[in-house]
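*Asks:* based on what follows, work out the 3D shape:
(one chain, ligands or ions: 1)
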Amino acid sequence: MSDLFTCKTIEELDENEKKDYEKHCTFMRAAIEEGEKAFIEGEVPVACVIVHNDTIISRGSNKTNIKKNGTRHAELEAFDQIFLNKELNEKFKDVLLQECTLYVTVEPCLMCAAALQLVKIKKVYFGCFNEKFGGNGSVVPLNKSELSNGRPYSSISGLLKNEAIFLLQKFYNQENKKAPVPNKRKRLDPEELLKLAPTPFLSTNLTTSSTTTATKSTKTITTTPTTTTSTLTKSTKTTTMTTTINSMNSEIDSEKQEITQIQLEEQTKSIHCDTSR
Ligand SMILES: [Zn+2]
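*Replies:* The predicted structure is shown next:
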């Protein structure tokens with residue numbers, strides 16, 4: 001791994017490197033504009049521009065949803081704009097992107113970090129980190145690795161990172177609003193629960209007492225208990241009320257589990273979207 005090719009933050013640049021800060025910001029803003037277009041298209045808004053001699057020669061944004069292809073990241077889309085264009089391809093087919101700089105709103109993932117070596121990119125500026133799949137330092141500093149047929153490159157992080165994060169947050173906030181609302185099931189009335197819970201204990205009582213007593217005991221469960229009922233009837237009431245409470249607790253637990261499951265799914269979806277762009 002070469003030490004010549006750094007993974008610096010924008011704050012770590014020396015004075016000489018900082019003198020072109022405004023120029024770098026201009027190109028990153030162009031990338032963010034592409035990200036805004038991706039947002040409108042319903043894509044995870046990650047975008048980039050490729051610059052040669054202070055001129056933008058290519059723009060790319062995430063197209064994984066539109067093209068139903070998880071590999072169509074902004075960087076690869078930008079490469080295509082160059083190599084599928086007759087004039088640009090003729091110009092760069094031999095030298096590749098050796099004199100080009102990439103400005104991308106989010107740290108290149110592992111796949112794109114390796115691809116950037118293969119096209120021999122000169123330098124990368126990115127906005128925010130891709131902590132799950134970042135290939136320019138977050139997970140592996142692939143930009144510094146000696147890859148076969150590749151060329152290591154320097155990578156500078158944090159250029160207009162707040163704007164890049166804001167763009168992603170806007171997308172994920174919108175996604176969360178689209179998420180299904182937890183299914184609020186109608187809670188059953190306790191009397192309805194009683195009808196659904198003919199407990200074995202109740203059946204036993206039916207065989208040890210008269211039908212009339214059993215009917216009375218069922219009725220007294222949802223009303224104020226009378227003081228004249230027998231010990232057996234009190235026992236029946238207590239047990240049946242316990243059954244009712246257990247049924248209600250069971251339903252509450254079930255709802256809790258359902259809400260937790262939906263939250264987990266939302267988080268998983270968020271993480272997936274965040275990293276699979
Ligand atoms: Zn990528």
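*Asks:* so which bits of this structure are right by the ion?
*Replies:* 73, 109, 112 (Cβ under 5 Å from the ion). C-beta: built from backbone N, CA, C; applies to glycine.
*Asks:* which of the residues you listed fall in helices?
*Replies:* Under the assignment DSSP state H, the residues of the chain next to the ion contribute residue 112 to helices.
*Asks:* neighbour-wise, which of the residues of the chain next to the ion leads?
*Replies:* Neighbour counts for the residues of the chain next to the ion (other Cβ atoms under 10 Å) peak at residue 112, which has 30 neighbours.
*Asks:* who touches the closest residue to that one other than its chain neighbours in this structure?
*Replies:* Excluding the flanking residues, the one nearest residue 112 by Cβ to Cβ, 6 or more residues apart in numbering is residue 75, at 4.2 Å. With contact set as Cβ atoms under 8 Å, 6 or more residues apart in numbering, residue 75 has these partners: 48, 60, 102, 104, 108, 112, 115, 116.
*Asks:* for the fifth one, phi and psi?
*Replies:* Meaning residue 108. Torsion angles at residue 108 (phi, psi; degrees, to the nearest 10) stand at phi -60, psi 140.
*Asks:* now for it, how many residues are close by?
*Replies:* Counted with other Cβ under 10 Å, residue 108 comes out at 29.
*Asks:* and it, what does it touch?
*Replies:* 73, 75, 102, 116, 124, 126, 130, 134, 135, 136, 143, 155.
*Asks:* any chance of the residues of the chain next to the ion in CSV with pLDDT as columns?
*Replies:* Below are these laid out as CSV (pLDDT from 0 to 100):
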residue, pLDDT
73, 98
109, 98
112, 98
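*Asks:* any weak-confidence spans in the stretch 1-150 of the chain?
*Replies:* For the stretch 1-150 of the chain, the stretches with pLDDT under 70 are 1-5.
*Asks:* which residues in it form helices?
*Replies:* 15-18, 21-40, 74-83, 86-92, 110-118 (DSSP state H, counting those that start in this stretch).
*Asks:* closest one to residue 52 among these?
*Replies:* Residue 52 lies closest to helix 86-92 among the helices of the stretch 1-150 of the chain, at 8.2 Å (Cβ to Cβ).
*Asks:* so residue 138 makes contact with residue 128?
*Replies:* No. Using Cβ atoms under 8 Å, residue 138 is not in contact with residue 128, being 10.0 Å away.
*Asks:* those two: which has the busier surroundings?
*Replies:* More crowded of residue 138 and residue 128, by other Cβ under 10 Å: residue 128, with 22 against 19.
*Asks:* for the stretch 151-277 of the chain, which residues score under the pLDDT cut-off?
*Replies:* 181-277.
*Asks:* re earlier: possible to save the contacts of residue 108 as CSV with distance to residue 56?
*Replies:* Listed next are these as CSV, based on distance: Cβ to Cβ, whole Å:
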residue, distance to residue 56
73, 18
75, 14
102, 11
116, 17
124, 15
126, 16
130, 23
134, 24
135, 23
136, 21
143, 21
155, 19
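*Asks:* which single one of these is nearest to the ion?
*Replies:* residue 73 (3.4 Å; Cβ to the ion).
*Asks:* show me what contacts that closest one?
*Replies:* Per Cβ under 8 Å, 6+ apart, neighbours of residue 73: 46, 62, 64, 108, 109, 111, 112, 277.
*Asks:* what about the second one, how many neighbours?
*Replies:* Per other Cβ under 10 Å, the neighbour tally for residue 62 reads 28.
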